[in-house]
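*Asks:* A predicted structure for the sequence below; I have some questions about it.
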Amino acid sequence: MNKEQGEKENETFDPGHVPDLPPGKEERFEPGAMTQGDQGARKEGAGDERAYSRENFEPNELSNPLPKWYSAMALGFVIWGGGYFYFQGNVPADAGDHRSVLATMAGPADGATVYAGNCVACHQATGLGLAGAFPPLAGSGWVLGEPDLLAQILLHGIQGEIEVMGNVYNGVMPAFPQLSDAELAAVQNHVRNEWGNEAAEVDDAFYAEQRERFPPDRGPWQGGAELREIVAEPLAVGGS
Ligand code: HEC
């Protein structure tokens, strides 16, 4: 093996060796894209320099703040969503809709269902109320008398003394103006024809009229006395 052959072999096994680019070919190397390490390596060795220059630019992790347009877009969506919720009339039933469940369902209102949803907690399923707290509806002269009485109690609520079947109650009953005319008529007919009660039925139009009789914000009736005076006398059943 002479000297020339030896050199040739060395060249073949040099792991740092990178062949020259073919004439006319540009190097894929941009000095601006070099990291400091690249530059250091470039100074150190001639072979390394070309090897580095052929490598693709290694991406650096930079700290980029959230782009302004992205924040603006996100804010825009939030405002749009809020506005959509706020200005749309027909929101889903579980999202702040204050109509009763029945009003959102098709089909005629069912008095028993309206009663179960709005009255049963106080006046009880038996219609007997709770002694000392909630007066009975079964057999009550207020329920069985002029239909206007029950309608006005439901539309405006009642507080103060009221005598029902010989007992005096002094509580507060909320008004139910949020129920539709159909629901109110249905619950009225239910209450007046349940637990042995028997009285004439009313329809939606009756409730539409009853709503017109007094301003919606007139406040609750002040006990039985005001009802007697302004609306009607209760039927004298069991001492009313
Ligand atoms: C939060 C409890 C409560 C709810 C709910 C309630 N009431 Fe009453 N109700 C009362 C109280 C208390 C009185 C007596 C008020 C008073 O003392 O002035 C009363 C009085 C009445 C009266 C007149 C007295 C009588 O017993 O005849 C009627 C009629 C009546 N309620 C019907 C209803 C109907 C129908 C519903 C459902 C749509 C209903 N109430 C829902 C508590 C309630």
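*Replies:* Good, I have the coordinates.

*Asks:* residues of this structure that sit close to the ligand?
*Replies:* Residues of the chain lying close to the ligand by C-beta under 6 Å from any ligand atom are 118-119, 121-123, 134-137, 140, 142-143, 150, 153-154, 158-160, 162, 164, 169-174, 176, 187, 191, 223. (C-beta placed from N, C-alpha, C; glycine too.)

*Asks:* just those: which are in strands?
*Replies:* 158, 159, 160, 162, 164, 169, 170, 171, 172, 173 (DSSP state E).

*Asks:* would you check that the third one makes contact with residue 168?
*Replies:* This points to residue 160. No: between residue 160 and residue 168 there is no contact under C-beta atoms under 8 Å: 10.4 Å.

*Asks:* can you pick out the residue with more neighbours from the two?
*Replies:* Neighbour totals were compared for residue 160 and residue 168, and residue 160 leads with 16 against 12 (other C-beta atoms under 10 Å).

*Asks:* so what's that one up against?
*Replies:* Residue 160 is in contact with 170, 221, 222, 223, 224, 225, 226, counting by C-beta atoms under 8 Å, 6 or more residues apart in numbering.

*Asks:* do I have it right that the second one meets residue 152?
*Replies:* If I follow you right, that is residue 221. Yes: contact between residue 221 and residue 152 holds when scored by C-beta under 8 Å: they sit 6.8 Å apart.

*Asks:* what is the burial count for residue 173?
*Replies:* Neighbour number of residue 173 under other C-beta under 10 Å is 20.

*Asks:* check residue 218 too.
*Replies:* By other C-beta under 10 Å, 13 other residues sit near residue 218.

*Asks:* gap between it and residue 226?
*Replies:* Remark: distance between residue 218 and residue 226 (C-beta to C-beta, to the nearest Å) = 11 Å.

*Asks:* what does residue 52 give?
*Replies:* Relative to residue 226, and taking C-beta to C-beta, residue 52 is found at 97 Å.

*Asks:* which one's more surrounded, these two?
*Replies:* residue 52 (19 against 15).

*Asks:* against residue 189, how distant is the more buried one?
*Replies:* 92 Å.

*Asks:* which stretches in the chain count as helices?
*Replies:* For the chain, the helices defined by DSSP state H occupy 3-13, 36-44, 46-54, 68-87, 101-104, 111-118, 120-123, 141-144, 147-156, 181-192, 204-213, 223-226.

*Asks:* in a markdown table: the ones you listed, plus distance to residue 237 and mean pLDDT.
*Replies:* A markdown table is the format used below for the helices of the chain (distance: least, C-beta to C-beta, whole Å; pLDDT from 0 to 100):
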| stretch | distance to residue 237 | mean pLDDT |
| --- | --- | --- |
| helix 3-13 | 118 | 50 |
| helix 36-44 | 101 | 52 |
| helix 46-54 | 105 | 71 |
| helix 68-87 | 50 | 92 |
| helix 101-104 | 30 | 61 |
| helix 111-118 | 20 | 95 |
| helix 120-123 | 16 | 96 |
| helix 141-144 | 4 | 96 |
| helix 147-156 | 12 | 97 |
| helix 181-192 | 12 | 96 |
| helix 204-213 | 22 | 95 |
| helix 223-226 | 14 | 95 |
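
*Asks:* dump those into a markdown table; add distance to residue 234 as well.
*Replies:* Converted to a markdown table, the helices of the chain look like this (distance: least, C-beta to C-beta, whole Å):
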| stretch | distance to residue 234 |
| --- | --- |
| helix 3-13 | 116 |
| helix 36-44 | 98 |
| helix 46-54 | 102 |
| helix 68-87 | 45 |
| helix 101-104 | 28 |
| helix 111-118 | 20 |
| helix 120-123 | 16 |
| helix 141-144 | 4 |
| helix 147-156 | 6 |
| helix 181-192 | 13 |
| helix 204-213 | 17 |
| helix 223-226 | 7 |
